[in-house]
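Asker: got a sequence here, can you model it:
(2 chains)
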Amino acid sequence: MAEETELLHGTLDTLILKTLSWGPRHGYGIARWIQDTTDDALEIGEGSLYPALYRMERKGWIEAERGVSETGREVKFYSLTTQGRARLKVELAQWTRFTTAVSKVLYERR
Amino acid sequence: MPTLGRFRRELRWRFWSVPVEREVDSELAFHLEMRIRELVEQGMTLDDARVAALERFGDVDRITEACRDIGRRRNKDMRRAEWLTELRHDLRYAVRGLRASPGFTAVAVLTLAMGIGASTTIFSVANAVLLRPFPYHEPKRIVRLYETNPTTDLFSVSEPNYLDWLQRVRGLSQMAAFTGGNLTLLGDGDPEELSAMAATPSLFPLLGVRPLIGRVFREEESKPGAPARVILFSYAFWQTRFGADPQVVGRTVNLNGTSYEVIGVMPPEFVFPGNPALWEPLAPSATLSRGETPRGDRRLAVLGRLAPNVTIARALDELKSVARDLARQYPETNRGWGANVTSLEEWLIGDELRTRVQVLLVAVGLLLAMGCVNVANLLLARATARQREMSVRAALGAGRGRIVRQLLTESLVLAAIGAALGVALTVVAVPILRDVGQTAIPRLDELDIDWQVVAFGIVASVVTGILFGIAPALQASRADLNDVLRSGGRVAAASRLRSILIVTSVALALVLLVGAGLVGRSFERLMRVDYGFRAEGVFTASVTLPVERYRQRAKLAAFYAEVARRLSTTRGIRAVGFTNIAPFSGGSTAIQFTVAGRQAARADEYLSAHWRLVTPGYFPAIGVALKKGRLIAESDGAEAPRVVVITETMARQIWPGMDPVGQQIKLGGNDGPTWTVVGIVGDIRDQLLQQEPQPMMYLSFQQLAWQTMWLIVRGTGDPLALAPVVRREIHAIDPLMPVANEQPLERFVSAIAAQPRFTTLIFALFASAALVLAVVGVYGIVAYGVTQRTREFGVRLALGATPSRIVMSVVRYGVGLAGFGIAIGLWAAYALSRFVQGILYEVTATDAVTYLAVAALLVGCAAAASILPARWAARLDPVRALRDD
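Answerer: Model (predicted):
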């Protein structure tokens, strides 16, 4: 199941985890937050957010609870589990290592 | 944070009870709705916003499907996790509960272990003996064929008759004949006597057995009257004597002074009655071979394989008609002779052993049932005592199903522990049983624990667990909440069910005890049977005189006489004799005869009696006393008048009220030679302990001699100490003479009683287990009743009841319950009695003494089991009893 995203593979998960680290949000809230902080990286294929959410829920990184939205609708609110928090730490460390390595290649002068 | 975690899980569970389709749809719809609203707020028209939102979102259908798919799998995972958590919870709870009451747990587990251990063990015996097919090709189609005469349905077959059957009977696709014997291996060491089976080449294809190496006999190796000198080894013999040498095929061995070519070795799994070490070809012949009429000389054992679609009954009909034809054709030898067909199973196992094993299976079923009943009872008592706990749990919101599941888990945990212990018991018991029983019971040497038995144990334990778990669980879940909470846990309904269980348990115990009592009494009778000779202090061995060097009768007789002469002058030896069949050695010889002057009109009017060849010393050696006339003497030589000494039974049957001494008989029939009765001796039993003495006559070894004879030596001390003496004296006469089967005669006697002894032992074990279970059961219910009625006893004591009255009333309760069980048990035992009759000796299956003794024993045990709790009730402090609840 290929995801329609321009983002690097796996970074969507990291983004979601990071978003939820600020507190529980519903799916649209997560989408908005990513939109605002990444200058609309998900412009195309915003829907791919949801399979990622379900997958992470199954893995136990995030969990859902019923809540009421700002418009008064009953929706699922996602929040990080302890497992998810740990996962975020791992992904952040990996990301840092990865970007450092790539920047070294791209910008370091001989 | 376990509590919170649990709470959250349950919340989520409620959440997921929304179908995953709705969950996904509403979530995605909400997203689009929000996006559209935002776009509209930014100034788009509703339609444009809708298009833009969808475009931004991507393929809605595909994403919906993907989410639903993952969601479904998520739910499945969760449900499994939930189930496992609950199971772990139930298990932990069950184990904690069981550990909290170690007495209950120990009794329940041991009860189950006893039931399951005994049932798997006996099941493995039944499996080895009855259920496992014989290791032949389609064993159900193999039959054993016999000739019959008016005295027996199971007589061997003569060679010409076998050949005629082979030609005429269509209902059998294959036929084979065999006969056992001995061959003496002459080589480097002492001459060794080996059991050998002579078989027609057709035997191996009939059984569907192939050799391990080499080949089996070829048809041309059994030319009538001239078998080829080729030999097959059994696997065991090949292993022990030839070190499993693969080059053995093609070598020659010296047997009875003749060289035989080794042509093959049989595979290890090939078993055959008698376990012969060697196989040689049998070459049945229709013509004279030993100077006798071969058609009347019946020695062959014959097997057949039923042709396709032919039943045993049809084969029997055909064989009988062939036998009738033969009787018409050869009236001299075949008049009065018919034919009989039995299944392989009937031949190898026999009715009595089948009955024994079946009775054991029933007994084991009863014991297992008792185990279940007792444990159900224990659990029920526990459930009743914990009714308040259950009610509180129910009041706090535990569902009825949840409580039932909890109790079932508990009983399954008990069953699992019981099964583990029971299987461990089996693992210990099976090798012991194999060692104890393998000489007594055919095929028991193959007894082993196999997967079938383990599966049986597991099924038995699971069924037990569910069975005894369900009753208390239902009981607990049915109990009315308010009732229980208000009345402080005194519920009458439970005690009725428990009383029924106890009554059942006592009834089952009674049936088992009656069975054991009958078997035990009959064994005791069997052990006291006077078999007519004295086996103590007697040493026995068999000698086989090689045909090559001892052909003439005179030479045979001279050898036997010389051995007897030399040994009888040896110190420590009182008497020495020879006979062709040692008592209880498994052999038997019988012959038809007529009384001179009473010519039989038809062959089926012939009389029949066992006969034995003896030397004069045989009677003092074996301990048979002369009653009248004289014994066989040295003077009864080959040329002297032919004489017989008969037993009292024969005298009584043939010449009732007359003096047999001086009477004459014709052996073989009307035209047979005449023999004169010269004496009467005491009766002996030498086939089966339980069989009444048969008419028997003794013939002089000089007037008819066999190549193989049993030496019977009565000494003054340990019989086995005579073995080297006997060997020395025999080898002094002929150094190449093999001496075999050296043993005390008492070993034959004890071996003949081994099967009943085995059954008695197992029954005794069962009965003790049943008695223990019954006592524990009665004790349990009485003790429980006392704790439930503490307040009542307190009141009675306070009102002035004497302790002895309290004791009496409690004991009366226990004995009353047991009495009920005993009454039902007596009826059940009586109804079942005909099943055991087949294995009883001189005891009827409805033997009143046994029934009464067992009933009395159970009443006594029930009273004893009630006294402890009764005294406890009588010693209650009224004040405390009334205050506590």
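
Asker: let's check: the centremost residue of chain A is which one?
Answerer: Nearest to the mean C-alpha position of chain A, counting by CA atoms, centre = their mean, stands A:I16 at 1.6 Å.

Asker: you'd agree that residue is up against A:A52?
Answerer: Yes - contact criterion CB atoms under 8 Å: A:I16 and A:A52 qualify, at 6.2 Å. (Glycine included, C-beta is placed from N, CA and C.)

Asker: need the contact partners of stretch B:658-666.
Answerer: Applying CB atoms under 8 Å, 6 or more residues apart in numbering or on different chains, the contact partners of stretch B:658-666 are B:593-597, B:628-629, B:644, B:646, B:650-651, B:654-655, B:672-680.

Asker: same check on stretch B:649-657?
Answerer: Contact partners of stretch B:649-657, identified using CB under 8 Å, 6+ apart, comprise B:595, B:607, B:609, B:646, B:660, B:663, B:665, B:680, B:683, B:692-697.

Asker: got a list of what B:V157 touches?
Answerer: B:V157 touches B:L145, B:Y146, B:E147, B:W165, B:A177, B:R298, B:R299, B:L300, B:A301, B:V302, counting by CB under 8 Å, 6+ apart.

Asker: what bridges to the fifth one?
Answerer: This means B:A177. B:V302 (DSSP bridges).

Asker: ditto for the second one
Answerer: Bridge pairing for B:Y146 (DSSP bridges) gives the partners B:N340.

Asker: list the contacts for it?
Answerer: Contacts of B:Y146 by CB under 8 Å, 6+ apart are B:D153, B:L154, B:F155, B:S156, B:V157, B:V302, B:A339, B:N340, B:V341, B:T342.

Asker: likewise for the first one?
Answerer: Applying CB under 8 Å, 6+ apart, one finds that B:L145 lies in contact with B:V157, B:W165, B:M175, B:V302, B:L303, B:G304, B:L319, B:A339, B:N340, B:V341.

Asker: if we use 7 Å, what do you get?
Answerer: By CB atoms under 7 Å, 6 or more residues apart in numbering or on different chains, the contact list for B:L145 reads B:V157, B:V302, B:G304, B:L319, B:A339, B:V341.

Asker: which positions within stretch B:691-706 qualify as buried?
Answerer: For stretch B:691-706, the neighbour count (16 or more other CB atoms under 10 Å in any protein chain shown) marks B:693-706 as buried.

Asker: give me the nearest residue to B:F763, chain neighbours excluded.
Answerer: Distances taken as CB to CB, 6 or more residues apart in numbering or on different chains place B:A516 nearest to B:F763, at 4.2 Å, with adjacent residues excluded.

Asker: where does pLDDT dip in the stretch 751-885 of chain B?
Answerer: The stretch 751-885 of chain B contains residues with pLDDT under 70 at B:881-885.

Asker: and residue 29, how many residues sit next to it?
Answerer: Picked chain A for this. By other CB atoms under 10 Å in any protein chain shown, 20 other residues sit near A:G29.

Asker: not quite, I wanted chain B
Answerer: 13.

Asker: could you identify the helix or strand that succeeds the helix or strand that contains it?
Answerer: Under the criterion of DSSP states H and E, B:A29 resides in helix B:20-41. On the C-terminal side of helix B:20-41, the nearest following helix or strand under DSSP H and E is helix B:46-57.

Asker: that following helix near chain A anywhere?
Answerer: Yes - Helix B:46-57 is in contact with chain A by CB under 7 Å from any CB of the partner chain, via B:R56, B:F57.

Asker: where does chain A dip in pLDDT?
Answerer: Short version for chain A, where the test is pLDDT under 70: A:1-10, A:41-44, A:109-110.

Asker: what does it have sitting close to chain B?
Answerer: Checking chain A against chain B by CB under 7 Å from any CB, the hits are A:1, A:4, A:27-28, A:31, A:43, A:45-48, A:50-51, A:54-55, A:57-58, A:63-64, A:66, A:69, A:73, A:75-76.

Asker: counting by contacts, list what whichever helix in chain A runs longest packs against.
Answerer: As assigned by DSSP state H, the longest helix anywhere in chain A is helix A:82-107. Contacts defined by 3 or more CB pairs under 7 Å, 6 or more residues apart in numbering or on different chains; DSSP states H and E place helix A:82-107 against helix A:11-20.

Asker: let's go with 10 Å and repeat that
Answerer: Contacts defined by 3 or more CB pairs under 10 Å, 6 or more residues apart in numbering or on different chains; DSSP states H and E place helix A:82-107 against helix A:11-20, helix A:49-59, strand A:62-68, strand A:74-80.

Asker: and the residues of chain A next to chain B, which are buried?
Answerer: Burial by neighbour count, judged by 16+ other CB under 10 Å, picks out A:27-28, A:31, A:45-48, A:50-51, A:54-55, A:57-58, A:63-64, A:69, A:75-76 from the residues of chain A next to chain B.

Asker: the residue nearest to the centre of chain A against A:L53, yeah?
Answerer: Yes - between A:I16 and A:L53 a contact is recorded at 6.7 Å, counting by CB atoms under 10 Å.

Asker: give me the common contacts of those two.
Answerer: Common neighbours of A:I16 and A:L53, using CB atoms under 10 Å, 6 or more residues apart in numbering or on different chains, are A:G27, A:I30, A:W61, A:I62, A:Y78.

Asker: which parts of the stretch 451-600 of chain B are helices?
Answerer: Taking DSSP state H, counting those that start in this stretch as the test, the helices found in the stretch 451-600 of chain B are B:451-478, B:481-487, B:492-527, B:553-568.

Asker: if you average pLDDT over each of the ones you listed, which is lowest?
Answerer: Mean pLDDT values for the helices of the stretch 451-600 of chain B show the minimum at helix B:481-487, a mean of 50.

Asker: what helix or strand is B:V645 on?
Answerer: B:V645 belongs to strand B:643-647 when assigned by DSSP H and E.

Asker: does B:G304 count as helix, strand or coil?
Answerer: With DSSP: H, G, I helix; E, B strand; the rest coil as the basis, B:G304 sits in strand.

Asker: possible to save the contacts of B:L145 as TSV with pLDDT and distance to B:P431?
Answerer: Listed next are the contacts of B:L145 as TSV, based on pLDDT from 0 to 100; distance: CB to CB, whole Å:
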residue	pLDDT	distance to B:P431
B:V157	90	40
B:V302	94	37
B:G304	94	37
B:L319	93	43
B:A339	92	43
B:V341	93	38
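
Asker: quick check, nearest of the residues you listed to chain A?
Answerer: For these, the closest approach to chain A (CB to the nearest CB) belongs to B:G304, at 69.1 Å.

Asker: my guess is that closest one contacts B:T200. True?
Answerer: No - using CB under 10 Å, B:G304 is not in contact with B:T200; the gap is 11.8 Å.

Asker: hey, what's in contact with both of the two?
Answerer: With CB under 10 Å, 6+ apart as the test, B:G304 and B:T200 both reach B:L166, B:M175, B:A176, B:A177, B:L206.

Asker: give the contact list for the fourth one.
Answerer: By CB under 10 Å, 6+ apart, B:A177 lies in contact with B:145, B:156-157, B:159, B:162-163, B:165-166, B:198-200, B:202-203, B:222, B:282-284, B:299-304.

Asker: repeat that with 6 Å
Answerer: B:Y162, B:T200, B:P284, B:L300, B:V302 (CB atoms under 6 Å, 6 or more residues apart in numbering or on different chains).

Asker: may I see the buried residues of the host helix or strand of B:V428?
Answerer: Using DSSP H and E, B:V428 falls within helix B:400-437. For helix B:400-437, burial by neighbour count (16+ other CB under 10 Å) applies to B:403-423, B:425-426, B:429-430, B:433-434, B:436-437.

Asker: check for me that B:L353 belongs to a strand.
Answerer: No - the assignment for B:L353, made by three-state DSSP, is helix rather than a strand.

Asker: number of residues surrounding it?
Answerer: 20.

Asker: tell me the predicted confidence for it.
Answerer: In this prediction B:L353 is given a pLDDT of 76.

Asker: what do you get for B:G97?
Answerer: 81.

Asker: what is the burial count for it?
Answerer: So B:G97, with other CB under 10 Å, has 19 neighbours.

Asker: name the element it belongs to?
Answerer: Using DSSP H and E, B:G97 falls in helix B:60-100.
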